[in-house]
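**Student:** Predicted model and sequence follow; I will ask about them next.
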Amino acid sequence: MVLLVSLFLYLLLSRTSSCREIQEVDQLSHPVLHLPLYHVRGGSHSFQALDSDPPFLETIVFDENIDEKSVNVSLNPGIPIGISNYYTKIGLGTPTTYHNVIIDTGSSFSWVQCEPCLVYCHPQAGSHFNPFASRTYQKLSCGTSQCSSLKVATLHSPLCTASNTCIYSATYGDQSFSIGYLSKDLLKFGSESLPGFLFGCGQDNNGLFGKSAGLIGLGKDGLSMLSQLSTKYGRVFSYGLPTSTFLGNSGSRGFLSIGTSSNFGSKFTPMLDEYRDSSLYYVKLSAIYLSGKPLAVGSSAYRSPTIIDSGTTISRSSARVYSALKKECVDIVSTKFKIAPSFSILDACFHGTFDQISTAIPSVELIFQGGADLKLAPHNIIIEVEKGTTCLAFASSSGMVIIGNTQQHTFRITYDVASSKIGFAAGGCR
């Protein structure tokens, strides 16, 4: 990775640039965009295989009523094993070309793989975005306020080419990264057309992005897609992440809605801002109940900062909480099924299929500040990592606690940034 980055910098950069402070984005509420979300690796609308699907191990090692102004498009889910993220389709440029992009609430900057892929583009389904074919495409210079905003949006200072083009660098917790030109062009997102959408035109992209064309950041920073659409649609969005086809839900539907809408029976918990990265969605996890009883840990075990992240598959819990959860689950399930070897970061595994283990797994409930909760079903608690081996879909963390997308399956998750709260409602999708 260091060699790739160094080569890219050698080819493109001659000096660094210090940029101005971030601009605020208006926050107004109006109509709703309602879009489909897809599993990265499955379903009739998923990416077509290029060579072979990546193993599940590779993806985790690092790791209703709609407003009449909305757009409602159906979703078909993918297979459950090895799913990292969810994606939707966006259009870019004039004339418009369409690209499958991952939706990520754990980051704010959006980018797609672009021609000529000066250093490297990971294999993707469909064509790269070709900026030379779009008559509305523009690169941004280093003196623009948007270039200066990159330091907050990506946590990396921007750089400059010899011709004064602004260079972004976006990195992720699993060591994936994208580097390229800060750009703007026409965005088509559902029924919405947004001129001058800010995004990265990636020239060096590598990591666990599946076969996607790139990534859409839905974090709170001013460069995120949410912020760029906020003038018209407000700072509220929600989604439903479908379960996988192995659960028998081949007709499942998922969605992403951007814009003001009703609460859909959600229970809300306050959105917290006092932690180290203000672009992330922090909440207070107060307790975990197993079989209707709280885990035998004190309140201090829940002090670690907790985020909700659509881009993380396996939830991470503090060491004390995970140890208690793992012990009780293993004590219960192991009376009926033999313990299996650990599978990457998953160290509570059993010999048995998902259907078999789900008959023995106890109920789990996540309780948040203010009384909001997630009552987890078996598909939120365990995953069949390979045929005949099923593991608890939680792992231990020495730092940040993360509520991953496995635990979010089928719930409607509402991010009301304007009111600083996050809501959970059962039955958001199947």
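**Tutor:** That came through fine.
**Student:** Show the backbone phi and psi for Ala324.
**Tutor:** Dihedral pair for Ala324: phi -70, psi -40, per degrees, to the nearest 10.
**Student:** Surely it touches Lys293?
**Tutor:** No: the pair Ala324 / Lys293 is not scored as a contact, 11.2 Å apart, by Cβ atoms under 8 Å. C-beta: built from backbone N, CA, C; applies to glycine.
**Student:** Would you mind telling me which of these two has more residues around it?
**Tutor:** It is Ala324, of Ala324 and Lys293, that has more neighbours when counted by other Cβ atoms under 10 Å, with 19 against 9.
**Student:** Show the pLDDT at the more buried one.
**Tutor:** With respect to pLDDT, Ala324 has a value of 97.
**Student:** How is Leu374 assigned, secondary-structure-wise?
**Tutor:** strand (DSSP: H, G, I helix; E, B strand; the rest coil).
**Student:** Skip the chain neighbours and tell me the closest residue to it.
**Tutor:** Among residues not flanking Leu374 along the chain, Leu366 sits closest, at 4.4 Å (Cβ to Cβ, 6 or more residues apart in numbering).
**Student:** Quick one, grab the pLDDT at that neighbour.
**Tutor:** Note for Leu366: predicted pLDDT of 97.
**Student:** what packs against the strand or helix carrying it?
**Tutor:** Leu366 belongs to strand 364-368 when elements are defined using DSSP states H and E. Applying 3 or more Cβ pairs under 8 Å, 6 or more residues apart in numbering; DSSP states H and E, one finds that strand 364-368 contacts strand 285-290, strand 373-376.
**Student:** can you tell which of the ones you listed is closest to Leu92?
**Tutor:** Nearest to Leu92, of all the helices and strands packed on strand 364-368, is strand 373-376, at 34.9 Å by Cβ to Cβ.
**Student:** Gly370: what secondary structure?
**Tutor:** Under three-state DSSP, Gly370 comes out as helix.
**Student:** So which residues of the stretch 301-430 of the chain form helices?
**Tutor:** Assigned by DSSP state H, counting those that start in this stretch, the helices in the stretch 301-430 of the chain fall at 319-333, 354-358, 378-381, 405-408.
**Student:** contacting residues around Pro305?
**Tutor:** 272, 275-276, 282, 400-401 (Cβ atoms under 8 Å, 6 or more residues apart in numbering).
**Student:** which among those residues gets closest to His379?
**Tutor:** Distance to His379, by Cβ to Cβ, is smallest for Val401 among the contacts of Pro305, at 21.0 Å.
**Student:** Count the residues that sit near the closest one.
**Tutor:** Residues near Val401, counting by other Cβ under 10 Å: 20.
**Student:** Return the residues in contact with it.
**Tutor:** 285, 304-307, 315-318, 321.
**Student:** By neighbours, which of these wins?
**Tutor:** Neighbour counts for the contacts of Val401 (other Cβ under 10 Å) peak at Thr306, which has 28 neighbours.
**Student:** From what I see, it and Ser397 are in contact.
**Tutor:** No: applying Cβ under 8 Å as the test, Thr306 and Ser397 come out as separate, 10.0 Å apart.
**Student:** so the residue nearest to Leu374 sits right up against Ile381, yeah?
**Tutor:** No: look at Leu366 against Ile381 with Cβ under 8 Å: they stay out of range, at 10.7 Å.
**Student:** can you list the weak-confidence ranges in the stretch 201-350 of the chain?
**Tutor:** Applying pLDDT under 70 to the stretch 201-350 of the chain flags residues 244-253, 260-264, 274-275.
**Student:** Mind jotting down where the strands sit in it?
**Tutor:** Counting by DSSP state E, counting those that start in this stretch, the stretch 201-350 of the chain has strands at residues 214-217, 236-240, 255-259, 267-270, 282-283, 285-290, 293-294, 306-308, 315-318, 339-340, 349-351.
**Student:** Including distance to Asp174, could these go into CSV?
**Tutor:** CSV is the format used below for the strands of the stretch 201-350 of the chain (distance: least, Cβ to Cβ, whole Å):
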stretch, distance to Asp174
strand 214-217, 12
strand 236-240, 21
strand 255-259, 22
strand 267-270, 27
strand 282-283, 20
strand 285-290, 22
strand 293-294, 32
strand 306-308, 15
strand 315-318, 13
strand 339-340, 24
strand 349-351, 21
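**Student:** Between which two of the contacts of Val401 is the distance greatest?
**Tutor:** The most distant members of those, if one measures by Cβ to Cβ, are Ile307 and Val321, lying 15.2 Å apart.
**Student:** Now do the end-to-end distance for stretch 112-131.
**Tutor:** With Cα to Cα, to the nearest Å as the measure, stretch 112-131 spans 11 Å from end to end.
**Student:** what's the answer for stretch 338-355, then?
**Tutor:** Taking Cα to Cα, stretch 338-355 runs 15 Å from one end to the other.
**Student:** and that stretch, how far out from the chain's middle?
**Tutor:** The chain centroid and the centroid of stretch 338-355 are separated by 25 Å, computed with Cα atoms, centre = their mean, to the nearest Å.
**Student:** For that stretch, could you pull out the residues that count as buried?
**Tutor:** Neighbour counts over stretch 338-355 (16 or more other Cβ atoms under 10 Å) mark 340, 343-350, 352, 354 as buried.
**Student:** out of those, what pair is the most spread apart?
**Tutor:** Ile345 and Gly352 (19.9 Å).
**Student:** follow-up on the earlier one: who does the strand holding Leu366 pair up with?
**Tutor:** In the sheet, strand 364-368 lines up against strand 285-290 (antiparallel), strand 373-376 (antiparallel) (DSSP bridges).
**Student:** I'd like the distance between the residue nearest to Pro378 when sequence neighbours are not counted and Ile167.
**Tutor:** Among residues not flanking Pro378 along the chain, Ser358 sits closest, at 3.7 Å (Cβ to Cβ, 6+ apart). Using Cβ to Cβ, to the nearest Å, we find Ser358 at a distance of 48 Å from Ile167.
**Student:** Then Ile403?
**Tutor:** Counting by Cβ to Cβ - Ile403 and Ile167 are separated by 33 Å.
**Student:** In terms of distance to Thr136, which of the contacts of Val401 ranks first?
**Tutor:** Set against Thr136, the nearest of the contacts of Val401 by Cβ to Cβ is Ile307 (35.2 Å).
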